[in-house]
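Undergrad: A predicted structure for the sequence below; I have some questions about it.
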Amino acid sequence: MKKVVLTIALFSTFVISAKATTVYAEIADDTHGTSIAKVGLEKQDETDEPTDPIDPPDVPGTYIPTGNTGALRIDYISNIDFGTQKIASETKNYTAGNSDEFVETQISDLRGNGAGWNLQVSYDSEKAGFYTENGVALAGAELSLPAGTAKTVTENQSPAAETATVTVNKDAQNIMFAAATTGLGTWEDQMSAEAVSLKVPSGNLAGTYSATLVWTLTDAPA
């Protein structure tokens, strides 16, 4: 829980003369005065309270909470399902859904230092790609994630984070990122499911293939 310390200080100085009883307030003139209002903002401590999704998913089970609790954390990531497709005689591109459906990832930066961050994605280094349970590779497959819309809560005053298009491979690549002094608060990378695509060449065996995506949040901009 973000700890906010609110202190209101009111200052008045009185001058009392030993020879007189008249008391004067320190003011610009008889009809004006000044006071000070202060607030302190601290880095959020770790908490067991999850950050709510900016846009809750329409399809249950697609938006997975991570359970992370740090001041800089990944809140949610998405599973991606391309369905079951018929084997074709030519290369096919399959999409993860319709134009009104989304693949979403959400992070929170509650450190308050404006250091910036990178959200990166890659395949699992041990199996960089799509494989069956028996270890058969989906040869030539390419998973493409589009530059999504960086969304935040309505009253967030921070300059926006940015997004990028990624063709996933074994190397971590930036998919959403924030330069110094940007991307503070909670941000979601909202990708149209219609633009999330998997290219599958012909000549592959029938089977159920899956890939493990690794999402990494680093604490400084590239």
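TA: Okay, I see it.
Undergrad: which secondary structure state does E194 sit in?
TA: helix (DSSP: H, G, I helix; E, B strand; the rest coil).
Undergrad: list the contacts for it?
TA: Counting by C-beta atoms under 8 Å, 6 or more residues apart in numbering, E194 makes contact with T95, A96, G97, N98, S99, E101. C-betas here are computed from N, CA, C, even on glycine.
Undergrad: and E188, what's its pLDDT?
TA: Listed pLDDT for E188 reads 96.
Undergrad: isn't it right up against T105?
TA: Yes. Using C-beta atoms under 8 Å, E188 is in contact with T105, at 6.9 Å.
Undergrad: check contacts around L184.
TA: Contact analysis of L184 by C-beta under 8 Å, 6+ apart lists D109, G112, G114, N156, S158, A178.
Undergrad: the last one: how many residues sit nearby?
TA: The number of residues packed around A178, counting by other C-beta atoms under 10 Å, is 25.
Undergrad: how near is it to E188?
TA: Counting by C-beta to C-beta, to the nearest Å, the gap from A178 to E188 is 13 Å.
Undergrad: over to the first one?
TA: Plainly put, D109 is 12 Å away from E188 if you go by C-beta to C-beta.
Undergrad: do the third one as well
TA: As judged by C-beta to C-beta, G114 and E188 stand 20 Å apart.
Undergrad: cool, and S99?
TA: Distance from S99 to E188, by C-beta to C-beta: 18 Å.
Undergrad: looking at these two, which has the bigger crowd around it?
TA: E188 (23 against 10).
Undergrad: does the more buried one belong to a helix, a strand or coil?
TA: strand.
Undergrad: just checking, I64 touches I74?
TA: No. The criterion here is C-beta under 8 Å, and I64 misses it with I74 at 10.2 Å.
Undergrad: more neighbours: the two, which one.
TA: Comparing I64 with I74 by other C-beta under 10 Å, the one with more neighbours is I74, at 18 against 12.
Undergrad: may I ask which helix or strand encompasses the more buried one?
TA: I74 belongs to strand 72-78 when assigned by DSSP states H and E.
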